[in-house]
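**Student:** here you go, sequence then predicted model.
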Amino acid sequence: MGKFAVVRERSCRSLEKAGRFRVEEEKVVKYLYGIGSFQIGRAQVIPVLLRLGDEVIRDQDGGAVGMMSLSGSGKGLKMVIRERLYVVPVRRVKRVLEGKKKKGAVFEVK
């Protein structure tokens, strides 16, 4: 019987801190360094966390600039804003929404 080798390809992606998010009134606002701030309704984040669908991210003027969805593993909240991919740990999002934490980091996927 011949020998075989298992080859597993893995894409190396690095995360770089790109900003912060926090809750302001009924909106979750993301502040991205050098780009600006973006918002999504607090009530719109919960269906994404429950895997009920994706949501639109808007700028301060209300224009659509991206989409928010849950990662395949369910551990990260993915956001595509102006053709760049950002991620936030779901655990931190939940703690901020519950009021246990004031803010959390936003990471850009490189």
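**Tutor:** Received, thanks.
**Student:** biggest strand in the chain by residues?
**Tutor:** strand 15-24 (DSSP state E).
**Student:** buried set for that strand?
**Tutor:** Using 16 or more other C-beta atoms under 10 Å as the test for burial, strand 15-24 gives A18, G19, R20, F21, V23. Using the backbone N, CA and C atoms, a C-beta is placed for each residue, glycine as well.
**Student:** this structure: strands as residue ranges?
**Tutor:** 15-24, 27-32, 36-41, 55-59, 64-70, 76-81, 84-89, 103-109.
**Student:** weakest of these by average pLDDT?
**Tutor:** Among the strands of the chain, strand 55-59 carries the lowest mean pLDDT, at a mean of 85.
**Student:** counting contacts, what elements does that one pack onto?
**Tutor:** strand 36-41, helix 42-49, strand 64-70 (3 or more C-beta pairs under 8 Å, 6 or more residues apart in numbering; DSSP states H and E).
**Student:** mind redoing it with 7 Å?
**Tutor:** Judged by 3 or more C-beta pairs under 7 Å, 6 or more residues apart in numbering; DSSP states H and E, the packing partners of strand 55-59 are strand 36-41, strand 64-70.
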